[in-house]
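**Student:** Predicted coordinates and the sequence they were generated for:
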Amino acid sequence: MITSFFPGHLRLRSPALKDTVVTDKVFAILQQFPAIKRIEHNQTAGSILLEYNTAQVPAESLQPLLPVLKKLEKAASAYSEKTKPAILTVLDELESCFTHLQINNPDANVGVLNPPHE
């Protein structure tokens with residue numbers, strides 16, 4: 001699912017990202033995240049490119065998202081209408097992680113991910 005990553009840029013690719021319902025959910029999650037500067041979607045390729053502000057979110061603060069992204073990758077790798085509900089459930093989990101990603105001003109602790117159950 002993650003096909004490339006370097007600070008400020010992340011590309012996701014999956015057959016699930018060709019599905020409008022899945023993509024709409026992904027966009028709904030990402031648009032809540034103020035550090036994201038641009039989201040580019042290629043439906044034909046099933047690809048999403050994210051550009052985000054590294055001053056607000058250092059790369060190391062994204063590490064806690066990796067287990068959920070790996071779970072999403074596993075669910076999305078066998079994409080079909082039958083597996084779509086499982087993918088949407090993992091996206092709900094990802095959304096919960098994003099809502100706990102604290103984006104503060106540059107003088108504060110930026111990009112600190114607080115576990116959802118604290």
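**Tutor:** Here it is on my side, so go on.
**Student:** where in this structure is pLDDT low?
**Tutor:** Flagging of the chain using pLDDT under 70 yields the residue ranges 101-118.
**Student:** Show me the strands in it, by range?
**Tutor:** If DSSP state E is used as the criterion, the strands of the chain fall at 2-6, 9-13, 36-42, 47-52, 101-102, 112-113.
**Student:** Tell me which of those approaches Thr20 most closely.
**Tutor:** Among the strands of the chain, the nearest to Thr20 by Cβ to Cβ is strand 36-42 (10.4 Å). Where you see a C-beta, it was placed from the backbone N, CA and C, and this is true even at glycine.
**Student:** so which of the strands of the chain comes closest to Lys71?
**Tutor:** Set against Lys71 and scored by Cβ to Cβ, the strands of the chain come closest in strand 2-6, at 12.6 Å.
**Student:** Take the strands of the chain and write them to a markdown table, including distance to Ala28 and mean neighbour count.
**Tutor:** Written out in a markdown table, the entries for the strands of the chain read as follows (distance: least, Cβ to Cβ, whole Å; neighbours: other Cβ atoms under 10 Å):
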| stretch | distance to Ala28 | mean neighbour count |
| --- | --- | --- |
| strand 2-6 | 20 | 11 |
| strand 9-13 | 15 | 17 |
| strand 36-42 | 11 | 13 |
| strand 47-52 | 13 | 18 |
| strand 101-102 | 16 | 18 |
| strand 112-113 | 19 | 16 |
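**Student:** Any chance of these in CSV with distance to Asp92 as columns?
**Tutor:** Rendered in CSV, the data for the strands of the chain read as follows (distance: least, Cβ to Cβ, whole Å):
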stretch, distance to Asp92
strand 2-6, 19
strand 9-13, 17
strand 36-42, 19
strand 47-52, 18
strand 101-102, 15
strand 112-113, 17
